[in-house]
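Peer 1: dropping a prediction and its sequence here:
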Amino acid sequence: MKYPDLSKEIIAMAEADQKMRKDSQSGKSTFDKNIDENNSTRLKQILKEINGWPTISSVGEEASYAAWLIAQHADHNVNFQEECLKLILKSNNDVLPANIAYLTDRVAVNRGRQQTYGTQFYQNKKGEPTPRPIKDNKMLDNKRKKMGLEPFTVYEQKMKGNYIWPKGYINPKIGRFDKSP
């Protein structure tokens, strides 16, 4: 690992992100957009320091994933998200492919475009998770498979809370972070 200190810092930033989100969802605290903004600002500095994306080989899988999580939650700055996506795409497959899919969709949705991989949902008027518009539904599962994602019908059931997990299933994690939402 080329940047062990940055690795620890990026992981700590993502842990603060996840704690804030979990606490706000459970009612322990309110959503703090400053965490997203501060994390984005610092990640932007880190990208300049290392002259590129924090890849698996440079910071480890957990920190590379954590950097993606910070970028994914930078909805307040879609230009920054787009910059991150460009750097990720230049990383010579030294990132988790699913991270590319999720950030590609997030940028598209934030730009008012249709998503490619069907990863982005919203709460409709009835409070139900609903997928954002998806382009090329016929090829959706093929595209998802190439990125290491499950079939869309399975993902949709997970998002709606209707998926029945196989007995004995253990969610694959990267350190303290789930690989999937």
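Peer 2: Done, it's in.

Peer 1: quick one: the helices in this protein?
Peer 2: 4-26, 33-50, 56-59, 61-72, 78-89, 97-110, 140-146, 152-160 (DSSP state H).

Peer 1: nearest to residue 121, of the ones you listed?
Peer 2: Closest approach to residue 121 among these is made by helix 152-160 (5.1 Å; Cβ to Cβ). For the C-beta atoms, the positions are set from N, CA and C on the backbone; glycine is no exception.

Peer 1: what does the closest one contact?
Peer 2: 118-119, 121, 128-129, 131, 140-141, 144, 149, 163, 180-181 (Cβ atoms under 8 Å, 6 or more residues apart in numbering).

Peer 1: by neighbours, which of those wins?
Peer 2: Ranked by the number of neighbours (other Cβ atoms under 10 Å), the contacts of helix 152-160 place residue 119 first, at 27 neighbours.

Peer 1: make sure it is actually in contact with residue 103.
Peer 2: No: with contact defined as Cβ atoms under 8 Å, residue 119 does not reach residue 103; the gap is 9.1 Å.

Peer 1: next, format the helices of the chain as a markdown table and append mean pLDDT and distance to residue 170.
Peer 2: Listed next are the helices of the chain as a markdown table, based on pLDDT from 0 to 100; distance: least, Cβ to Cβ, whole Å:
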| stretch | mean pLDDT | distance to residue 170 |
| --- | --- | --- |
| helix 4-26 | 94 | 19 |
| helix 33-50 | 97 | 28 |
| helix 56-59 | 97 | 22 |
| helix 61-72 | 97 | 17 |
| helix 78-89 | 98 | 27 |
| helix 97-110 | 97 | 18 |
| helix 140-146 | 96 | 22 |
| helix 152-160 | 92 | 15 |
